[in-house]
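Student: Could you look at this predicted model? Sequence included:
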Amino acid sequence: MTTVIKAPGEAAAERSGGAGPSGERGAKSSEGMVLNVFSHGFLAVWAVLIVLPLIWLALGSFKTDAQIGGSALSWPSNWNLDAFGRAWDKGIGDYFANTLIVMVFSVPLTMLLGSMAAYVLARYPFPGNRFVYYFFVSGAMFPVFLALVPLFFMVKRFDMLNTYQGLILVYVAYSMPFTVFFMHSFFRTLPTAVHEAAVIDGASDTRIFFQVMVPMAKPGLISVGIFNILGQWNQYILPSVLMQPQTGSDPERYLLTQGLIQLQQQQGYETDLPVLFAGVTIAMIPMLVVYLSFQRQIQAGLTSATLK
Amino acid sequence: MSQVAQGRGRGGFIAGFLLAPLALYLTFVIWPYVQTFGYSFTNWTGQSPTFDFVGVDNYTALMKDEVFRGALWNNLLLLVFVPVVTILLALFFAFMVNAGGRGGAGGVQGVRGSGFYKIVYFFPQVLSLAILAVLFGAVYRTDEGGLLNGVLIRLGLVDRQHPVEWLNEPRLVLWCLLLVVVWHGVGFYLVLFSAAMQSVPKDIYEAALLDGAGRAQTFFKVTLPLLWDSVQTSAVYLGIAAMDMFVLVSTMTSGQFGGGPDHHSEVMATVLMRNFLYFGKSGYACAMGVVMLVLTMILSVITLRATRRERIEF
């Protein structure tokens, strides 16, 4: 005797196919066809509205200045990468490097400190635990704006305006609410048996965290990591307040987002639009790559973060 | 004996793990927030270390500030339209993507290519606001070179000699900005609503289907009530985003820190930054920050209460 295990979808199809009278089914499916065309139409139009401006912008970096001022629908006449080279020389390369330097430190530090706090709050009952947790998480409720004025003077007092380390610390602090919130719910789901076994084997709490818990929490860490990379890479308000040269002799340490806006303002006088478009394209590509390689984790992470 | 030692060790461990994160968070996040309240009652300029306590003077001045009141009104408009438009579009697309396809042998399924749509729609979300500002600055150009004007001229809808002055037209500028926010946000909420829709058990849809429910009925009677929690949360998030708007307004519109033409696109955040960094009125700027905070809190509470419904368990 053989049992055939059906896929749930198949079984459902069979069931509903058998249920309705066949005449009615025919009418239904022709209505379905019309609606399918209709819904596909809307979906496709929105997809075009998303993709078209981006492609149009990237094509702009191959146009000449006169062409950009002319018809928007013209095709670029020359396909060289001049504008990209000029954009790189104009500082995009440096801004890119500045952003990378900050993030090489800020993202791992965010992950480390955020998961340490989340782990303790998720797994060790102590008086005030709930309070500290809500204290951490509540930071996500307020717009960054409200803190900007005092934050500027706070960083100034530490003599860390226009320094990498100043911005790194601020990034870590402002990423804390989301990171703690997310990792807290993740650590709670990990089984306690593994923890107990490690205790019996004589591992210290610190050792358990680094050698048992962190490896087990890897999927969660990857999700939070991607969100922090996206968030910190795209940050504009914090660097534009904290990364301004304070005196004439100060080095310019603009980040990529600041640099783009500056380039946009400059081209008002210089009119080299292809450079601006090339700069934006350069800034867009890494995010496109990160997004396409991790889009599964991003969508899964988003789901579990917002629906829990 | 050993338990005591372990307990003591554990206390140290907890403190050790919390110390650095808490210290950073307190210094750079919580303390500045708290200070904003204090400074809002002073005439601090930000330059000199001395300042006087002026009571509620900043707040009474705010009430009389025409520019700030205009900005407040614009923020309120955005606060209504950004969530409503974004959520409606995202719900519509999410339903299409997840339950739109119903041809063939029956059963509820997404349209073909739903995975592709989810990937494409979400993409604007990973772009920085700075990129959006440059991109849409180019799209809204006032000559033929702008994508919108270029297309409209080609279609013969706009005269080549008089293209639309999107961002310089007082009546249009706010809606142009709204469009950017919606373009940016729909994908995120589509994915969010999709996840919520997928967590609804399939048999509920099948039951509705067997009872002869059409697509519209399925949506309004089944999907929407089950999704209400996510819709509510989204409204609050979008409301907070609509309170901000700083990057887009300050970089896309005319004027020092944006807000032009003639304050028609002003939002509270741009007025705040102008007063802080340009006029040097730090105390006054802090008072605006407090008003923004209070409004955000009030609006979150109102949204949550107004949209409250019986929670449906499934």
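Tutor: Nice, I can see it. Owing to the predicted nature of the structure, the values given are computational and were not obtained by experimental measurement.

Student: Only C-alpha atoms from now on, for both contacts and neighbour counts.
Tutor: OK.

Student: Report how many residues lie close to the closest residue to chain B within the stretch 51-200 of chain A.
Tutor: Proximity of the stretch 51-200 of chain A to chain B (CA to the nearest CA) peaks at residue A:72, 4.2 Å away. Neighbourhood size, residue A:72 [other CA atoms under 10 Å in any protein chain shown]: 24.

Student: and if you look at residue B:198?
Tutor: 11.

Student: swap in residue A:48?
Tutor: Residue A:48, neighbours per other CA under 10 Å, totals 14.

Student: now swap in residue A:45 and tell me
Tutor: 11.

Student: Same question for residue B:229.
Tutor: Residue B:229 has 18 neighbours, counted by other CA under 10 Å.

Student: center of chain B - which residue?
Tutor: The geometric centre of chain B, computed from its C-alpha atoms, lies nearest to residue B:241 (CA atoms, centre = their mean), at 2.3 Å.

Student: Hmm, I typed the wrong one, I wanted chain A.
Tutor: Centroid-nearest residue in chain A, with CA atoms, centre = their mean: residue A:230, separated by 2.6 Å.

Student: Residue 283 - how many residues pack around it?
Tutor: By default, I'm working from chain A. When neighbours are defined as other CA under 10 Å, residue A:283 has 23 of them.

Student: Oops, wrong one, chain B.
Tutor: Counted with other CA under 10 Å, the neighbours of residue B:283 add up to 28.

Student: hmm, back to that, so the residue nearest to the centre of chain A makes contact with residue B:124?
Tutor: No - judged on CA atoms under 8 Å, residue A:230 makes no contact with residue B:124 at a distance of 11.8 Å.

Student: what helix or strand does the closest residue to residue A:252 other than its chain neighbours sit in?
Tutor: Among residues not flanking residue A:252 along the chain, residue A:245 sits closest, at 5.9 Å (CA to CA, 6 or more residues apart in numbering or on different chains). Using DSSP states H and E, residue A:245 sits in no helix or strand.

Student: for the helix or strand containing residue A:267, packing partners?
Tutor: Assigning secondary structure by DSSP H and E places residue A:267 in helix A:256-270. Counting contacts by 3 or more CA pairs under 8 Å, 6 or more residues apart in numbering or on different chains; DSSP states H and E, helix A:256-270 packs against helix A:93-123, helix A:273-307, helix B:129-139.

Student: how about TSV for those helices, with distance to residue B:231 and mean pLDDT added?
Tutor: As requested, those are exported to TSV (distance: least, CA to CA, whole Å; pLDDT from 0 to 100):
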stretch	distance to residue B:231	mean pLDDT
helix A:93-123	28	95
helix A:273-307	11	83
helix B:129-139	24	92
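
Student: Kindly compare burial across those and name the winner.
Tutor: The highest mean neighbour count among these, using mean count of other CA atoms under 10 Å in any protein chain shown, belongs to helix B:129-139: a mean of 23.

Student: Tabulate the CA atom coordinates of it in PDB.
Tutor: Taking Å, rounded to 0.1, in the frame of the first residue of the first chain, the C-alpha atoms of helix B:129-139 are listed here in PDB:
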ATOM      1  CA  LEU B 129      17.700  60.500   1.200                       C
ATOM      2  CA  ALA B 130      20.600  62.400  -0.300                       C
ATOM      3  CA  ILE B 131      20.400  60.300  -3.400                       C
ATOM      4  CA  LEU B 132      16.700  60.800  -3.500                       C
ATOM      5  CA  ALA B 133      17.200  64.500  -3.300                       C
ATOM      6  CA  VAL B 134      19.600  64.600  -6.200                       C
ATOM      7  CA  LEU B 135      17.500  62.200  -8.300                       C
ATOM      8  CA  PHE B 136      14.200  64.000  -7.800                       C
ATOM      9  CA  GLY B 137      15.900  67.300  -8.100                       C
ATOM     10  CA  ALA B 138      16.800  66.200 -11.700                       C
ATOM     11  CA  VAL B 139      13.300  64.700 -12.300                       C
END
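
Student: Summarise which helices and strands that helix is packed against.
Tutor: Here helix B:129-139 touches helix A:22-60, helix A:256-270, helix A:273-307, helix B:147-154, helix B:246-252, going by 3+ CA pairs under 8 Å, 6+ apart.
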